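A.B. asks: test case, fold it:
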Amino acid sequence: MRNVSIEKASFCIARNFVKPEYILDGRRTTTLKAFYAEIGQVLLAGQPWGESLEALDQVLRGDYGLLPETFRLIWMNAAIARSALSYPETVEQLLQQLRECHPTVLIKTAWALRAALREQGPTVFDWLVERMDHHSSVELVLVEIEGVDDA
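C.D. replies: The predicted structure is shown next:
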């Protein structure tokens with residue numbers, strides 16, 4: 001009986017482990033460029049980085065060496081970001097990608113643009129959430145409603 005309570009106690013201690021938290025503000029992430037700037041400030045303390053989806057993966061993987069092994073990323077006001085990073089921003093980003101993409105991905109990008117123009121398929125917000133969810137070291141928390149202002 002004593003072993004059971006010891007195991008339960010150690011399990012509770014492990015469950016109460018507090019991950020370091022970083023907070024993004026959806027009011028400051030209303031374009032992809034602004035999202036990248038917010039990531040640079042919040043996760044990298046202003047250190048320059050590649051500011052692309054691929055570089056975001058590198059940041060979240062810890063390639064920049066500034067982040068703990070696991071952490072919680074809280075995206076406050078996510079509803080504001082979701083609305084701003086919807087189809088108009090997606091179309092703009094896909095048009096930019098078309099201008100710069102390698103010929104091997106031209107058709108795929110054009111099809112994604114076609115879908116976005118019809119307001120179908122993933123948005124920039126979806127791209128970002130998917131990237132962050134892909135990293136097991138990151139616990140993404142979306143807070144949809146406006147929280148308490150910087151009190």
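A.B. asks: against Tyr36, how distant is Leu66?
C.D. replies: Counting by Cβ to Cβ, to the nearest Å, the gap from Leu66 to Tyr36 is 16 Å. (Each C-beta comes from the backbone N, C-alpha and C, glycine too.)
A.B. asks: more neighbours: these two, which one.
C.D. replies: More crowded of Leu66 and Tyr36, by other Cβ atoms under 10 Å: Tyr36, with 20 against 12.
A.B. asks: before we move on, which element is that one in?
C.D. replies: Element membership for Tyr36, per DSSP states H and E: helix 32-44.
A.B. asks: what's the first helix or strand after that helix?
C.D. replies: Heading C-terminal from helix 32-44, the first helix or strand you meet, by DSSP H and E, is helix 53-61.
A.B. asks: and the angle from that next one to helix 32-44?
C.D. replies: Interaxial angle of helix 53-61 relative to helix 32-44 (axes from the mean of the first three to the mean of the last three Cα atoms, to 10 degrees): 20 degrees.
A.B. asks: ok, and what's touching helix 53-61?
C.D. replies: Contact partners of helix 53-61, identified using Cβ atoms under 8 Å, 6 or more residues apart in numbering, comprise 36, 39, 43-44, 49-50, 64, 67, 127-128, 131-132, 134-135, 137-138.
A.B. asks: could you do stretch 25-42 as well?
C.D. replies: When contacts are defined by Cβ under 8 Å, 6+ apart, stretch 25-42 is touched by residues 22-24, 46-49, 51-52, 56, 59, 75-82, 84-85, 89, 93, 124, 128.
A.B. asks: and it, how far from the chain's centre?
C.D. replies: The chain centre lies 10 Å from the centre of stretch 25-42; the measure is Cα atoms, centre = their mean, to the nearest Å.
A.B. asks: mean confidence for that stretch?
C.D. replies: Mean pLDDT, stretch 25-42: 97.
A.B. asks: only alpha carbons, please: show that stretch as CSV.
C.D. replies: Written as CSV, here are the backbone C-alpha positions of stretch 25-42 (Å, rounded to 0.1, in the frame of the first residue of the first chain):
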residue,chain,number,x,y,z
ASP,A,25,-0.1,38.5,-29.0
GLY,A,26,-2.5,38.0,-31.9
ARG,A,27,-2.9,41.8,-32.1
ARG,A,28,0.7,41.9,-33.2
THR,A,29,0.5,39.0,-35.6
THR,A,30,-1.9,40.2,-38.2
THR,A,31,0.4,39.6,-41.2
LEU,A,32,3.0,36.8,-41.8
LYS,A,33,5.8,39.4,-41.6
ALA,A,34,4.4,40.7,-38.3
PHE,A,35,4.1,37.1,-37.0
TYR,A,36,7.8,36.5,-37.8
ALA,A,37,8.7,39.7,-36.0
GLU,A,38,6.8,38.6,-32.9
ILE,A,39,8.5,35.2,-33.0
GLY,A,40,11.8,37.0,-33.2
GLN,A,41,11.1,39.1,-30.2
VAL,A,42,9.3,36.6,-28.0
